[in-house]
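J.: whatever this is, show me its structure:
(2 chains)
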Amino acid sequence: EPEVTQTPSHQVTQMGQEVILRCVPISNHLYFYWYRQILGQKVEFLVSFYNNEISEKSEIFDDQFSVERPDGSNFTLKIRSTKLEDSAMYFCAGRVGINEKLFFGSGTQLSVL
Amino acid sequence: AQSVTQPDIHITVSEGASLELRCNYSYGATPYLFWYVQSPGQGLQLLLKYFSGDTLVQGIKGFEAEFKRSQSSFNLRKPSVHWSDAAEYFCAVGAQAAGNKLTFGGGTRVLVKP
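T.: Sure, this is the predicted structure:
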């Protein structure tokens, strides 16, 4: 079965630093998402992306966050100035169509010190 | 706003025994419902989904779930659990909208005793 690939698997950064989390979706996917899971809490929706623009974002996804798909393959999540509370597992996901199966990557564990 | 509740944080079951994981949702329209499984170090894998039609849906790995609108529930079941079923299970509700975001429950961790 095809996979969504996320890199790195672990990232450690200092508070205030910028981080970029990378995702390589499955090639025929059109809808892309970022979710995160703070340790011990629910998986939370961050943002959805379709046709090179954000289609929906949550309250968590403030001005410190941005997404882009610069080269038509990679899908990135940037956090401009990380905070301690950004420490979480970040999942990328994608699907072919709106009602099709959503494929998740294995996640990037972000630790902000 | 949509929400999902999984009342059981942990469940321990003996290998070969049956398993039922509870999920209750709150949603203003007909929901799209999902069950995902997460093994340690892995991403979220879709077990099954309900969009419409038959309220009893079959999924992978021998799992099934039943949508009960009157109870706002979508419980997951497996008749005979295998040791490899030890994992965390997440129920989620979604909508057919532009973003089609999923709202997840808090998860139920399943431990399987030999």
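J.: would you map the strands across the chain?
T.: You didn't pick a chain, so chain A it is. For chain A, applying DSSP state E gives strands covering A:5-7, A:10-13, A:19-24, A:31-37, A:43-50, A:53-57, A:65-68, A:75-79, A:88-95, A:103-104, A:108-112.
J.: not quite, go with chain B.
T.: Using DSSP E, strands in chain B cover B:3-5, B:10-14, B:19-21, B:24-26, B:32-38, B:44-50, B:56-58, B:64-68, B:73-78, B:87-94, B:102-104, B:108-113.
J.: without its sequence neighbours, what residue ends up closest to residue 12?
T.: No chain in the question, so chain A it is. In space, and not counting its chain neighbours, residue A:12 is closest to residue A:111: 4.7 Å by C-beta to C-beta, 6 or more residues apart in numbering or on different chains. The C-beta positions use only the backbone N, C-alpha and C, and glycine is treated the same way.
J.: looking at chain B here, not the other one
T.: residue B:111 (4.5 Å).
J.: ok so, going back, need the strands of chain A in CSV (columns: mean pLDDT).
T.: Below are these laid out as CSV (pLDDT from 0 to 100):
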stretch, mean pLDDT
strand A:5-7, 92
strand A:10-13, 96
strand A:19-24, 95
strand A:31-37, 94
strand A:43-50, 94
strand A:53-57, 92
strand A:65-68, 96
strand A:75-79, 96
strand A:88-95, 94
strand A:103-104, 90
strand A:108-112, 96
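J.: between these, which one is closest to residue B:66.
T.: strand A:43-50 (22.9 Å; C-beta to C-beta).
J.: are there helices or strands packed against the closest one, and which ones?
T.: strand A:31-37, strand A:53-57, strand A:65-68, strand A:75-79, strand B:102-104 (3 or more C-beta pairs under 8 Å, 6 or more residues apart in numbering or on different chains; DSSP states H and E).
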